[in-house]
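Undergrad: Structure for this input, please:
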Amino acid sequence: MNNQSGNVSLDRHAKQTLKNMNKFIDGEGLKRKRLAKKLGMSESNFSDYLNGKRSNILDFSGSLAEVLGLESTYFMNQNFNYKPDEPENMRAIAFSTGTLSKEGEEGLNQLLRVCEMIEIYNMEENSNA
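TA: The predicted model follows:
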C-alpha cells in the first residue's frame, strides 16, 4: 500500500527484516550490484527494496537469503543478531569475491584459521599483562 509521497507502508515485521538485511549486507561488505545481478533485477529495483520503497519485503528477503546460501527465513528472525566478524560466515565472503576455486576456498579457510590463532594469541597476551 502506497502513501501520498510514494513510499510503501511497511509493517513492523517487514521493517525489522529490512533492517536485518541492510545490517548483514553492510557488515559483510557485499556488493549491491552483484547481489542485484544474482537476483536477476536491476540495481535500482534492488535499492528500492533495501530502502523500503517496495512492498513484498518478506518475499525479497527470502530470495536474497537463498542467493547467499542461507535459510530463507534468515533475515526475518526478530532476534536477528548478526556479528560481521565471525569467520564461519564464509558464504558471504566467497559470494562478494566471486566464485572461488577449490584451491581458493582451501586458501581462504587456512587464512581464517591463521586469523583465529592470532586473535587467540592476542587475547592470551592481553590477559597476562
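Undergrad: part of a strand, is Tyr49?
TA: No - remark: Tyr49 does not belong to a strand; assigned using DSSP: H, G, I helix; E, B strand; the rest coil, it is helix.
Undergrad: doesn't Ile57 make contact with it?
TA: Yes - Tyr49 lies in contact with Ile57 (Cβ atoms under 8 Å); the separation is 6.7 Å. Glycine gets a C-beta too; all of them are placed from N, C-alpha and C.
Undergrad: Overlap of the contact sets of these two?
TA: Residues touching both Tyr49 and Ile57 (Cβ atoms under 8 Å, 6 or more residues apart in numbering) are Leu18.
Undergrad: how would you label Ser55: helix, strand or coil?
TA: Ser55 ends up coil, using three-state DSSP.
Undergrad: Quick one: neighbours of it, just the number.
TA: 15 (other Cβ atoms under 10 Å).
Undergrad: pLDDT score assigned to it?
TA: Looking at Ser55, its pLDDT is 86.
Undergrad: try Arg32
TA: pLDDT, read off for Arg32, is 89.
Undergrad: Just to check, it is in contact with Leu50?
TA: Yes - in this structure, Arg32 is within contact of Leu50 by Cβ under 8 Å, at 7.4 Å.
Undergrad: tell me, what's touching these two both at once?
TA: Ile25.
Undergrad: More neighbours: which of the two?
TA: Shown here are Arg32 and Leu50; by other Cβ under 10 Å, Leu50 has more neighbours (20 against 13).
Undergrad: Nearest spatial neighbour of that one, chain-adjacent residues omitted?
TA: Asn22 (5.8 Å; Cβ to Cβ, 6 or more residues apart in numbering).
Undergrad: Could you say which helix or strand holds Lys23?
TA: Element membership for Lys23 (DSSP states H and E) is helix 12-28.
Undergrad: Give the other helices and strands that that helix contacts.
TA: Counting contacts by 3 or more Cβ pairs under 8 Å, 6 or more residues apart in numbering; DSSP states H and E, helix 12-28 packs against helix 43-50, helix 57-67, helix 90-97.
Undergrad: the inter-axis angle of the second one versus helix 43-50?
TA: The one in question is helix 57-67. Helix 57-67 and helix 43-50 are oriented at 120 degrees to each other (axes from the mean of the first three to the mean of the last three Cα atoms, to 10 degrees).
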